[in-house]
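K.L.:
Pasting a predicted model and its sequence here:
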Amino acid sequence: MIGVETQEVERKGRLILKILNDSQEPLGARVIARRLKDHGVYLGERAVRYHLKLMDERGLTRLVGRDGRLITELGVEELGNALVRDKVGFAITRIELLAFRTDFDWEKRTGTIPVNVSLFPKNKFEKAVQVMKPVFAAGICVSDLVAVSHEGEQLGDLIVPAGKIGLATVCSIVMNGTLLKAGVPMDSRFGGILQIRNHEPFRFVELIHYGGSSLDPSEVFIRARMTSVRETARTGNGKMLANFREIPALCRPIAENVVAKLKEAGLGGLMVMGNTSEPVCEIPVEVNRIGMIFTGGLNPVAAAEEAGIEAENYAMSTVMEYQKLKKFQEVMN
């Protein structure tokens, strides 16, 4: 029993370290307690201070001012060496968390939607914009709605660090969250590389299951330079980021309505909705279920990577107010 309790204390401690690591400024117990709730952990301020005291003693955090804390280099190292079992399945956990936090109302055009955040070097951002323009124009994205922030400014929960410009792109989890609110359960199976032929989805050539990955598959594929998004946008033939999901066949009418409403709001990214129990792009589908393929939200960023412009990507990272997003062409002109 003591071992279980010790593991639970360590798990909460690592989550607090992650929250501190994601912040560019000192955080107090009250703010940390509030952010822990977003991860499904409910600790009062007193309990958070207890964990911070333990981490101070271990040299993982340091006190700044009266109540603020910053993560130390040792804390960053400890976070990187987190237990493997805590990392496995992290991607699917993030999907479920962001789907739950999505509360977009398509009638009022208000509420939060999930986004990816990419951090570009300031001196390379203009070049990245020029590379991404044809990708957005070709619709190889979940949405052409974006947000741009400069150093010290926020994108959702993230603060843009010095020397960077942050770009928020809409994540396909917006469909998970909106369907969830409509009573439709969605099974997110994997992210992959989808081959496009003559402007049509052909087959998946690579895939990573969300349930067995600590990273969003898109991040992995972008780092490995496995896409040809620019070629896809230019010729209609190539390889792009995409996601595969399933819903119960009985929910099809509701799903079609949600897809239509989101499309009216400039959101969605649905490429294919299959037939009941039938394979989609050579991927088998469970009995009495429907397979769906969605465009990966980081495809424009993958195009920039193909052009040699590296970005620090935080896929499935946070949520933003829909009304704070603007069309890519409007923001970049």
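P.N.:
Cool, the structure landed. Residues are numbered from 1 along each chain as shown.
K.L.:
Could you look up the next helix or strand downstream of the helix or strand of the chain with the lowest mean pLDDT?
P.N.:
Between all helices and strands in the chain, the lowest mean by mean pLDDT, DSSP states H and E belongs to helix 84-87, at a mean of 52. Later in the chain than helix 84-87, the nearest helix or strand by DSSP states H and E is helix 90-101.
K.L.:
Buried residues, that following helix. List them.
P.N.:
Phe90, Ala91, Ile92, Thr93, Arg94, Ile95, Glu96, Leu97, Leu98, Ala99 (16 or more other C-beta atoms under 10 Å). For glycine as for every other residue, the C-beta is placed from the backbone atoms N, C-alpha and C.
K.L.:
for stretch 262-272, same thing?
P.N.:
Leu262, Ala265, Leu267, Gly268, Gly269, Leu270, Met271.
K.L.:
Tell me the one among those nearest to Arg252.
P.N.:
Leu270 (12.6 Å; C-beta to C-beta).
K.L.:
I'd guessed the closest one sits against Met175; true?
P.N.:
Yes. Counting by C-beta atoms under 8 Å, Leu270 touches Met175, with 7.1 Å between them.
K.L.:
any idea which of the buried residues of helix 90-101 is closest to Leu207?
P.N.:
When the buried residues of helix 90-101 are compared against Leu207 (criterion: C-beta to C-beta), the nearest one is Ala91, at 12.7 Å.
K.L.:
Might one say that the closest one is in contact with Val220?
P.N.:
No. With contact defined as C-beta under 8 Å, Ala91 does not reach Val220; the gap is 10.0 Å.
K.L.:
shared neighbours of the two, which are they?
P.N.:
Common contact partners of Ala91 and Val220 (C-beta atoms under 8 Å, 6 or more residues apart in numbering): Ser213.
K.L.:
Just want the most central residue of this structure.
P.N.:
Met316 (0.9 Å; C-alpha atoms, centre = their mean).
K.L.:
Kindly list the main-chain dihedrals of that one?
P.N.:
phi 50, psi 50 (degrees, to the nearest 10).
K.L.:
if we can go back for a sec, least confident of the buried residues of stretch 262-272?
P.N.:
Of all those, Gly268 has the smallest pLDDT value, namely 82.
K.L.:
For that residue, list the residues it contacts.
P.N.:
Per C-beta under 8 Å, 6+ apart, neighbours of Gly268: Val142, Ser143, Val174, Met175, Val259, Leu262, Phe294.
K.L.:
Show me which of these are buried.
P.N.:
By neighbour count, with 16+ other C-beta under 10 Å, these hold Val142, Ser143, Val174, Met175, Val259, Leu262, Phe294 as buried.
K.L.:
Now secondary structure too, for those, in a markdown table please.
P.N.:
As requested, these are exported to a markdown table (DSSP: H, G, I helix; E, B strand; the rest coil):
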| residue | secondary structure |
| --- | --- |
| Val142 | coil |
| Ser143 | coil |
| Val174 | helix |
| Met175 | helix |
| Val259 | helix |
| Leu262 | helix |
| Phe294 | strand |
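K.L.:
Now do the strands in the chain.
P.N.:
61-64, 68-71, 112-121, 145-150, 154-155, 158-159, 164-170, 187-197, 200-209, 238-248, 270-273, 289-295, 312-321, 326-327 (DSSP state E).
K.L.:
Pull up the pairing partners for the first one, direction included.
P.N.:
Yep, that's strand 61-64 we're talking about. strand 68-71 (antiparallel) (DSSP bridges).
K.L.:
pull the CA atoms of the partner strand into CSV?
P.N.:
Extracted in CSV, the C-alpha atoms of strand 68-71 (Å, rounded to 0.1, in the frame of the first residue of the first chain):
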residue,chain,number,x,y,z
GLY,A,68,6.1,31.4,-7.0
ARG,A,69,8.0,28.4,-8.2
LEU,A,70,10.3,27.8,-11.2
ILE,A,71,11.5,24.4,-12.4
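K.L.:
who touches that strand?
P.N.:
Outside strand 68-71, the residues within contact range by C-beta under 8 Å, 6+ apart are 17, 20-21, 25-28, 32, 52, 55-56, 60-64, 79.
K.L.:
Check stretch 302-310 too.
P.N.:
By C-beta under 8 Å, 6+ apart, stretch 302-310 touches 120-121, 124, 127-128, 131-132, 134-135, 218, 221-223, 225, 227-230, 233, 240-241, 296, 311.
K.L.:
now do stretch 92-99
P.N.:
Residues contacting stretch 92-99 (C-beta under 8 Å, 6+ apart): 38-40, 114, 171, 173, 176-177, 180, 186, 188, 210-211, 216, 316, 319.
K.L.:
Output stretch 91-107 as PDB, restricted to C-alpha atoms.
P.N.:
What follows is stretch 91-107, C-alpha atoms only, in PDB (Å, rounded to 0.1, in the frame of the first residue of the first chain):
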ATOM      1  CA  ALA A  91      -1.400  10.700 -26.800                       C
ATOM      2  CA  ILE A  92      -4.800   9.100 -26.300                       C
ATOM      3  CA  THR A  93      -5.100  10.700 -22.900                       C
ATOM      4  CA  ARG A  94      -4.500  14.100 -24.500                       C
ATOM      5  CA  ILE A  95      -7.100  13.500 -27.100                       C
ATOM      6  CA  GLU A  96      -9.700  12.600 -24.500                       C
ATOM      7  CA  LEU A  97      -8.800  15.600 -22.300                       C
ATOM      8  CA  LEU A  98      -9.000  18.100 -25.200                       C
ATOM      9  CA  ALA A  99     -12.200  16.600 -26.500                       C
ATOM     10  CA  PHE A 100     -13.700  17.100 -23.000                       C
ATOM     11  CA  ARG A 101     -12.500  20.700 -22.900                       C
ATOM     12  CA  THR A 102     -14.000  21.500 -26.300                       C
ATOM     13  CA  ASP A 103     -17.200  23.400 -25.800                       C
ATOM     14  CA  PHE A 104     -17.700  25.100 -29.200                       C
ATOM     15  CA  ASP A 105     -21.200  26.200 -30.000                       C
ATOM     16  CA  TRP A 106     -21.600  26.200 -33.800                       C
ATOM     17  CA  GLU A 107     -24.900  28.300 -33.700                       C
END
